[in-house]
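# Mind folding the following:
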Amino acid sequence: MADAARATPGDAEPAPAGAAAASSYPQVVRLIGVMHALRTGCPWDAEQTHLSLVHYLVEETCEVVEAIEAGTDADLAEELGDLMLQVLFHSEIAAEAGRFDIEDVAAGIADKLVARHPYVFADGEVPADLVSSWEQKKAVEKNRASALDGIPDRLSALARAHKVIARARSHGHQPAQLGIEVKAMDPDLLGDEFLRLVAVAEALGVDPEQETRRALRDLEGRLRDLENRTR
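Residues are numbered from 1 along each chain as shown. Here you go, the predicted structure:
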């Protein structure tokens, strides 16, 4: 599983605050041990699978969002702990099958962050457009041919629309090229505008989520056509 000889970018990576990594975060080590014990000692925990935990992963993620938007620091710390448990749970299940473990997970994301930030960990210059630079690196790493590749199908229509438009921008395709007129608006009024449109949809007897998905399918078709023309 974890490769002890994994390459590191040298002295550029910051060391954890305090002493050596293992002793700096004793509660993290303790939590890993607790997870081990639960998988062997608790019947419910022992029978869980990646699929059976999906509901909890989504739920805990939503609760983190709620804590960020309306909770206290104590709320956020608690919900982040619940989400962290899900990461450990999935890693433990995989480790039991000899596929990967939490060390592989941590090493993978650390390697990815270092590789995508050469201006932090090497001598690269800070890109003028950090978001586009990030997306371009991802596209190369994952061999993505389209801006739409890798966008989760299970996102809500509004979340997916946001992701599609952001991806299109990062690939050099502006909303106007896709037939979308962007008008200046006070950001504080956007939520009210969304609610107004939902009220219009309700008055018309239209499902706003369904209509957004329909419009989004058309948008994605136009984006694919634009990509094909510019290749």
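
# Give me the domain ranges for the protein.
Domain ranges of the chain: 10-15+22-121, 152-230, per automatic domain parsing.

# hey, which helix or strand in the chain has the poorest pLDDT?
Ranked by mean pLDDT, DSSP states H and E, the weakest helix or strand in the chain is helix 21-24, scoring a mean of 65.

# Restricting to C-alpha, output the following helix or strand past that helix in CSV.
Scanning forward in sequence from helix 21-24 by DSSP states H and E, the next helix or strand is helix 26-41. What follows is helix 26-41, C-alpha atoms only, in CSV (Å, rounded to 0.1, in the frame of the first residue of the first chain):
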residue,chain,number,x,y,z
PRO,A,26,-1.7,12.2,18.6
GLN,A,27,-5.4,12.5,18.4
VAL,A,28,-5.3,11.7,14.7
VAL,A,29,-3.3,8.6,15.4
ARG,A,30,-5.7,7.7,18.2
LEU,A,31,-8.7,8.1,15.8
ILE,A,32,-7.1,5.7,13.3
GLY,A,33,-6.8,3.2,16.2
VAL,A,34,-10.4,3.8,17.2
MET,A,35,-11.5,3.1,13.6
HIS,A,36,-9.5,-0.2,13.6
ALA,A,37,-11.2,-1.2,16.9
LEU,A,38,-14.7,-0.4,15.6
ARG,A,39,-14.2,-2.5,12.5
THR,A,40,-13.3,-5.6,14.6
GLY,A,41,-15.5,-5.0,17.7
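
# quick one, which of the domains of the chain is nearest to Trp134?
Nearest to Trp134 among those is domain 10-15+22-121 (6.1 Å), distances taken as Cβ to Cβ. C-betas here are computed from N, CA, C, even on glycine.

# helix/strand/coil for Arg99?
coil (DSSP: H, G, I helix; E, B strand; the rest coil).

# Show me where this protein dips below the pLDDT cut-off.
Applying pLDDT under 70 to the chain picks out residues 1-23, 139.

# Can you show me the helices along it?
For the chain, the helices defined by DSSP state H occupy 21-24, 26-41, 43-47, 54-70, 73-96, 102-116, 118-121, 130-141, 157-170, 190-204, 208-230.

# what's the angle between the fourth one and helix 73-96?
So the one you mean is helix 54-70. Taking axes from the mean of the first three to the mean of the last three Cα atoms, to 10 degrees, one finds that helix 54-70 is oriented at 160 degrees with respect to helix 73-96.

# for helix 54-70, packing partners?
On a contact count with 3 or more Cβ pairs under 8 Å, 6 or more residues apart in numbering; DSSP states H and E, helix 54-70 meets helix 73-96.

# cool, the fifth one as well?
Using 3+ Cβ pairs under 8 Å, 6+ apart as the contact criterion, the secondary-structure elements in contact with helix 73-96 are helix 26-41, helix 54-70, helix 102-116.

# and those as a markdown table, adding mean neighbour count?
Output for those, formatted as a markdown table (neighbours: other Cβ atoms under 10 Å):
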| stretch | mean neighbour count |
| --- | --- |
| helix 26-41 | 13 |
| helix 54-70 | 14 |
| helix 102-116 | 15 |
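
# so which of these comes closest to Val206?
With Cβ to Cβ, the closest approach to Val206 among the helices and strands packed on helix 73-96 belongs to helix 54-70: 26.0 Å.

# Let me have the helices and strands packed on helix 73-96 in CSV, adding distance to Glu193 as columns.
CSV is the format used below for the helices and strands packed on helix 73-96 (distance: least, Cβ to Cβ, whole Å):
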stretch, distance to Glu193
helix 26-41, 43
helix 54-70, 19
helix 102-116, 34
